[in-house]
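S.K.: What would the 3D arrangement of this be:
(chains A and B)
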2 protein chains.
Amino acid sequence: LWFNNPVKAKLDEQCLEKSNDRPVVAGVSGGADSLCLLGLLLDAGYPVIVAHLNHQLRPEAASELDHVRRIAERTGVPFVGESIAVAEIAEDEGLSIEEAARKCRYRFLFQVARQRNAQCVAVAHTADDQVETVLMHLVRGAGLSGIKGISPRTMLAEFDPQIPLVRPLLHLWRSDTETYCHEHELDFVLDSSNTDQAYFRNRLRHDLIPYLETYNPQFKKALLRTSRSLQDDHSLLMASVDDAWVRSLAEYGDGYFTFNKHRLETYPSGLLRHLFRRAFFSLRPGLRDVDFDLLELAVRFTLDEDDFRKTSATRRLDLTGGIFLYREQDLLYVAGYEADLPMGGWPQVAETIPVEIGDNELGHGWRLIIEEIDGEGLEEKSQANDDPLVAWMDASKVKDLSIRPPHPGDRIKPLGMNGQSAKVSDLFVNLKIPSRARKQWPVVFSGNEIAWVMGLRVAHPFRLDSSTRHALRLTLKRLP
Amino acid sequence: LWFNNPVKAKLDEQCLEKSNDRPVVAGVSGGADSLCLLGLLLDAGYPVIVAHLNHQLRPEAASELDHVRRIAERTGVPFVGESIAVAEIAEDEGLSIEEAARKCRYRFLFQVARQRNAQCVAVAHTADDQVETVLMHLVRGAGLSGIKGISPRTMLAEFDPQIPLVRPLLHLWRSDTETYCHEHELDFVLDSSNTDQAYFRNRLRHDLIPYLETYNPQFKKALLRTSRSLQDDHSLLMASVDDAWVRSLAEYGDGYFTFNKHRLETYPSGLLRHLFRRAFFSLRPGLRDVDFDLLELAVRFTLDEDDFRKTSATRRLDLTGGIFLYREQDLLYVAGYEADLPMGGWPQVAETIPVEIGDNELGHGWRLIIEEIDGEGLEEKSQANDDPLVAWMDASKVKDLSIRPPHPGDRIKPLGMNGQSAKVSDLFVNLKIPSRARKQWPVVFSGNEIAWVMGLRVAHPFRLDSSTRHALRLTLKRLP
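M.R.: A predicted model of the protein is given here:
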């Protein structure tokens, strides 16, 4: 079994760059699997750093750290050990013990890897771990990404954006690693951990798997093969997702992605689910609760399906982890709540800007051109205007023009409503202006009275009548 | 539950062409699921034909046929019943009872569908059947195509190339169909079948699933959702396979596909497995034993991997069901043993063809041009020739030129071997001529002696020497 070092072949093949002198950080708990990993890495000639985290969850943990340290010393390998009160972290961060342990462990391993300029972090997951993982996902319910199991090489963006995590023992069974330790007289420890998650795993390992083996004595091998085949399928699928992503992404920035909604609508919903999954994990690398229902919700929102059709006024869908979707014309934003979304087609002003006859700059490429127009028949001309970006006003009725965002309670007397007034905020709602665009919507004031809610409504008091011989024409423009 | 007929929605959505007047053939065993299917199809306004096959496997089978016939009569629906001794078919065709039953059933249903010009065959598989199918594949070992479960709409090319099989109840649980029958006072029969396969299913249903529900009370729903999600993923994947297929297929004909091998080599092996799976099922629609190992073998053969690299002389790989792969230069054939493979770049002759000075037609676009060339320095000219499709001969040494395929035992004295003779068959082996091209390989004879194994070796006895003043130049050509 050990004549051809199986780790070397695997590492050379899929895990690491070849002829690389940077060290490998090996996570060594002291169990048979991780001691076997250490032995095989050394045997294969890799420079190794042994890293061990004491989770402080079991009384024997401290002596296990010493045990691993001694093994490292004996083999002349650098050792980094650390102790963390995982139970406290779990309480502080509102995580389960198992989640907190995982987080602390990988945080520690990648920290060591960065400090030592390592080429990768290697962990000792075996074929048994793979079978248990796949089975756990199957029992609890998951899609392809879950039931394909863990990968021989993966990036954990939440812990490090560049250093890969490799699992060179995925093709070896736990019993193989024990045989290795016996043959090499490596004294391994037995993990007596009993956290909830571990308990679930233990039930799978000791009850469910033996039971399934009464149906198929080769069950574990069969499931491992299924997993391997699904990993390949998943990679193929991800290539399609890459392609769809590139074709539909319109823009992106800090904390958001903007997709072309029409393009998304041409994709099958299975593809959209993968696209959203990728967007969510790009925004929140550590996100844990992205399930089928959540992705399906995002898809139905995007396609205006079912319940969303009835409530299309709701342009925003809040999801997990502070992520929300936002529809705007032909765009779909996938964003974190902290994102500073671009305002796309909407003019925006942050403060009061005095404006004059001529060319006024409003920022972000927007300009307001104010022209004086004198003569006869101006009322008809103003009534013929149907461009929402153009407003006519009787020059004799306006004074001290300025632009500022609306204040709460601001009212306008819209043209055509016989001088009745309406709240600007109601106007926004009725005209379906995105709420995020309302706060800084540009409003033209004559003194303290609203003359034009730009692009939406001109005010009644400043209208032209048959006696008007002197008018102002205001034109809102955006330079490309 | 029944207010919005769930079958109508499903059928309208994914199973049938809309506003279609052609009938639906419903497979009705008499169980709750199939009576529910019948009721819902009628309720939805579809023209239905009830089809029932008596498998003659259980004593009560005949009375069940009568039972279903009476229900059809009562509801005024056409009924087609048939009896087949499935056990005998199983024995005759070397199938398990379950396989034979499935084969007979679908054969019967699609036969009825063709006779009645039906738009589809509808069967009553429920969500429970789906969960059991997925689980069965998982326990026995399968890839995505298996563990995605059965599809709401599928083509069974082995039974009919055009009429789809639809499963409109896949989203209803078995208990739902029983509720439906109770509410509509439909008297359903209980299947007491106990074939091996059914026994395995029964164990899953009565032992494994309840056991898994102790891990997750929502297990069945979770697995159903997994299946739905995998179906979508599988469809996406199949779109990639379509694309890869089109890009790599060089030629196809009765019983074979020819792929561009270089193109195949650029594909990931996961994609190749799907490509081969598709090719195999296209050649043998009923093929049942295409597993991961078989596909992987085909992939390794294609990529010259591992064991195949060592035995690259073996250009042929025989697989299951009379299917074989064949490598030839930059082509890979996937073929059934009965296929008449195209000879690609190889000239072939079926019988003796006398040839003369001038232009001789050999068939399939191949021609042999024979020119007389007189003068000095002909020996040098002949020795300078390095075109394998051109042969020089001393005109005074040849007589009665003809071309025929080699006979077993035919020998040639190749030029440059000082008159020693060699078997033509050995020549083929040494020069790696595909065995399928050897049988009709064109050989030029002068009388009864071989003068040229075309394209391969000219014979020593007919060589030019310094005294030659009168030569023949033979040129093999293929017109595009």
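S.K.: all helices of the stretch 351-480 of chain A, in order?
M.R.: Here the stretch 351-480 of chain A has its helices, by DSSP state H, counting those that start in this stretch, at A:378-384, A:424-430, A:435-438.
S.K.: Ranked by average pLDDT, which of these falls at the bottom?
M.R.: Mean pLDDT values for those show the minimum at helix A:435-438, a mean of 78.
S.K.: Output the contacting helices and strands for that one.
M.R.: If contacts are counted by 3 or more CB pairs under 8 Å, 6 or more residues apart in numbering or on different chains; DSSP states H and E, helix A:435-438 sits against helix A:424-430. C-betas here are computed from N, CA, C, even on glycine.
S.K.: any idea how far the residue nearest the centre of chain A is from residue A:272?
M.R.: Nearest residue to the geometric centre of chain A (CA atoms, centre = their mean): residue A:283, 2.4 Å. Taking CB to CB, to the nearest Å as the measure, residue A:283 falls 16 Å from residue A:272.
S.K.: again with residue A:469
M.R.: Residue A:469 is 59 Å from residue A:272, by CB to CB.
S.K.: Over to residue A:201?
M.R.: Distance from residue A:201 to residue A:272, by CB to CB: 33 Å.
S.K.: Would you tell me which residues of chain A are close to chain B?
M.R.: Residues of chain A found near chain B (CB under 8 Å from any CB of the partner chain) are A:138-144, A:147, A:200, A:203-204, A:208, A:211-212, A:215-216, A:218-219, A:221-223, A:225-226, A:229-230, A:232-233, A:235-237, A:239-240, A:268-271, A:273-274, A:292.
S.K.: Could I have the buried ones of those residues as ChimeraX selection syntax?
M.R.: To isolate the buried members of the residues of chain A next to chain B in ChimeraX, using 16 or more other CB atoms under 10 Å in any protein chain shown:
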select /A:138,139,140,141,142,143,144,147,200,204,208,212,215,216,219,222,223,225,226,229,230,232,233,236,237,240,270,271,273,274,292
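S.K.: quick one: strands adjacent to the helix or strand containing residue A:334?
M.R.: In the assignment (DSSP states H and E), residue A:334 maps to strand A:331-336. With DSSP bridges as the test, strand A:331-336 is paired with strand A:256-260 (antiparallel), strand A:323-328 (antiparallel).
S.K.: CA atoms of that strand as PDB?
M.R.: This file holds the C-alpha atoms of strand A:331-336, laid out as PDB (Å, rounded to 0.1, in the frame of the first residue of the first chain):
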ATOM      1  CA  LEU A 331     -31.100  45.700 -13.600                       C
ATOM      2  CA  LEU A 332     -31.000  43.400 -10.700                       C
ATOM      3  CA  TYR A 333     -28.700  44.300  -7.800                       C
ATOM      4  CA  VAL A 334     -27.400  41.600  -5.500                       C
ATOM      5  CA  ALA A 335     -26.000  43.500  -2.500                       C
ATOM      6  CA  GLY A 336     -25.000  43.600   1.100                       C
END
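S.K.: in it, what's buried?
M.R.: For strand A:331-336, by 16+ other CB under 10 Å, it's A:331, A:332, A:333, A:334, A:335.
S.K.: which residues touch the residue lying closest to residue A:469 once chain neighbours are set aside?
M.R.: Leaving out its chain neighbours, the residue that sits closest to residue A:469 by CB to CB, 6 or more residues apart in numbering or on different chains is residue A:374, at 6.2 Å. Residues near residue A:374 by CB atoms under 8 Å, 6 or more residues apart in numbering or on different chains: A:469, A:470, A:471.
S.K.: which outside residues touch the host helix or strand of residue A:49?
M.R.: Using DSSP H and E, residue A:49 sits within strand A:48-54. For strand A:48-54, the surrounding residues in contact (CB under 8 Å, 6+ apart) are A:23-30, A:38, A:41-42, A:61-62, A:64-65, A:68-69, A:71-72, A:77-84, A:104-105, A:108-109, A:112, A:116, A:118.
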